[in-house]
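Peer 1: Below is the sequence, then the predicted model.
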Amino acid sequence: MTPTATVNAKGEDRIRGGHPWIYRSDVMDVSAERGAVMEVRGPRDRLLGHALFSPESQITLRMLTRDDRLIDIAFWRSRLETAIRFRDTLEIDATAFRLVHGEADLLPSLVVDRYGDYLVVQALSHGMDQMMPAIVSLLVELTGARGILARNDPKVRLLEGLEQKVEVLHGDIPDTIAVREGAINYEVDPRHGQKTGLFLDQRENRDAAARYAQGALLDCFSYNGGFALALASRCQSVEALDISADAVARITANAEANGISNLTAREVNVFDELRHLEREGARYDTIVLDPPAFAKNKASVPKAMAGYKEINLRALRLLTPGGILVTCSCSYNVDEAMFASAIHEASVDAHTPVTVVEKRMQGRDHPVLLGVPETYYLKSFILRKVA
Ligand code: SAH
């Protein structure tokens, strides 16, 4: 017998509304092994689709289909193929980008990033974890990848009762992989780099920011130099700031490898450094703020809002009139309107009128699924300090 879960009316509405996550409180009855692919039925026994089962998680079901379609190898191949083909159409000017963005590719809890000839994957639910052998052989078939690394170290795996581990699932994975993003070359450390190695979701925002960058640039929360390197050729001088010594060493090495000589990187806490720069009377023509997610959960939203306001206020004070502020938030608990209001408050306190030059989000290889706010996490504004 096919394992089955029965959901209540609220669960049924959610599934009909297109959300793939069904919470434990909406599951009335379930009989299955964890990780199983199961049938999902409504309160009146209507078949609503098929889902992955995560008994340990608050997100108990992740919908794969909304019909009676069989979940076999052909199903997985077709979903992966569709995701990969979409990226082909984007004509991305880089050798590193996201091939599968979980829910938005109708492959909930699966991430696949391409780094040159290699893939880095993440399986973030029990069901996906169990599917990995099949998914790995399909990915090899569809992409010809020389190696596949599982970066299964995100903390969310613990909520599923899964262990955190990094392991090679196919072929060989070198210690560093050379990739190109636009004109910039990177040496990526797929085993230890943040996320799967690079912040691929900011690629298009770096391109966009480069169109306005000029003069003296301050890149805050620089990691391995993403914005600083992409904007350097447009600017007279570039200062990159990060709290991690490792990141600062990488920024410097990346600048050298790309023949960029107008860049210096400093190991500092941005909050302290912005204050310090203000006291010194420093001025910049372009500032980038790309902090880590300040609001990792709902409880930390008020503190996160105060953090966003503070760094944006200080950045606006450091900007020359006519200067450009590229400001980002990757906290999905702080939505676009909240983020905009924090920036507005900052502009009021800085006594400076600010216009929105561009309103942006994560790159097109990280699509947003309508009706699933969790997939819209990265907000980015390109702002101009008018006077
Ligand atoms: N802008 C980067 C990605 C930034 S990720 C890119 O385009 O690729 C966030 C970075 O902020 C991390 O490298 C982290 O080390 C750094 N960071 C976190 N808190 C910080 C703080 N208080 N001061 C300075 N850097 C910080």
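Peer 2: Great, that's in hand.

Peer 1: Show me the strands in the stretch 101-250 of the chain, by range?
Peer 2: 110-115, 118-123, 147-152, 165-171, 177-181, 184-188, 216-220, 237-242 (DSSP state E, counting those that start in this stretch).

Peer 1: Now distance to the ligand and mean neighbour count too, for those, in CSV please.
Peer 2: Heads up, the C-betas are built off the backbone N, CA and C, glycines and all. Shown next, in CSV, are these (distance: least, CB to the nearest ligand atom, whole Å; neighbours: other CB atoms under 10 Å):
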stretch, distance to the ligand, mean neighbour count
strand 110-115, 14, 26
strand 118-123, 16, 25
strand 147-152, 16, 22
strand 165-171, 19, 15
strand 177-181, 10, 19
strand 184-188, 10, 21
strand 216-220, 7, 26
strand 237-242, 5, 24
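
Peer 1: Phe86 is nearest to which of those?
Peer 2: With CB to CB as the criterion, Phe86 lies closest to strand 110-115 of the strands of the stretch 101-250 of the chain, at 12.4 Å.

Peer 1: Distance from that closest one to the middle of the chain?
Peer 2: Using CA atoms, centre = their mean, to the nearest Å, the mean C-alpha position of strand 110-115 is found 11 Å from that of the whole chain.

Peer 1: Could you check the pLDDT of the residue of the stretch 51-200 of the chain found nearest the ligand?
Peer 2: When distances are taken as CB to the nearest ligand atom, the stretch 51-200 of the chain approaches the ligand most closely through Phe199, which lies 3.6 Å from it. Reading off the confidence values, Phe199 has pLDDT 97.

Peer 1: Double-check it against Tyr223; I have them as touching.
Peer 2: Yes - in this structure Phe199 lies within contact range of Tyr223 using CB atoms under 8 Å: 6.3 Å.

Peer 1: got any residues that touch both of the two?
Peer 2: For the pair Phe199 and Tyr223, residues contacting each of them under the criterion CB atoms under 8 Å, 6 or more residues apart in numbering are Asp290.

Peer 1: Next, format the strands of the stretch 101-250 of the chain as JSON lines and append distance to Lys298 and mean pLDDT.
Peer 2: As requested, the strands of the stretch 101-250 of the chain are exported to JSON lines (distance: least, CB to CB, whole Å; pLDDT from 0 to 100):
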{"stretch": "strand 110-115", "distance to Lys298": "23", "mean pLDDT": "98"}
{"stretch": "strand 118-123", "distance to Lys298": "23", "mean pLDDT": "98"}
{"stretch": "strand 147-152", "distance to Lys298": "26", "mean pLDDT": "98"}
{"stretch": "strand 165-171", "distance to Lys298": "29", "mean pLDDT": "98"}
{"stretch": "strand 177-181", "distance to Lys298": "34", "mean pLDDT": "97"}
{"stretch": "strand 184-188", "distance to Lys298": "33", "mean pLDDT": "96"}
{"stretch": "strand 216-220", "distance to Lys298": "26", "mean pLDDT": "98"}
{"stretch": "strand 237-242", "distance to Lys298": "28", "mean pLDDT": "98"}
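
Peer 1: Which of these sits closest to Asp129?
Peer 2: The minimum distance between Asp129 and the strands of the stretch 101-250 of the chain falls on strand 118-123, with 4.4 Å, by CB to CB.

Peer 1: Mind listing the strands that closest one pairs with, and their directions?
Peer 2: Using DSSP bridges, the strands paired with strand 118-123 are strand 110-115 (antiparallel), strand 147-152 (parallel).

Peer 1: Break down the stretch 1-150 of the chain into its helices, ranges please.
Peer 2: For the stretch 1-150 of the chain, applying DSSP state H, counting those that start in this stretch gives helices covering 9-16, 73-89, 126-143.

Peer 1: buried stuff in the second one?
Peer 2: Okay, so that is helix 73-89. Going by neighbour count (16 or more other CB atoms under 10 Å), the buried part of helix 73-89 is Trp76, Arg77, Arg79, Leu80, Ala83, Ile84, Phe86, Arg87.
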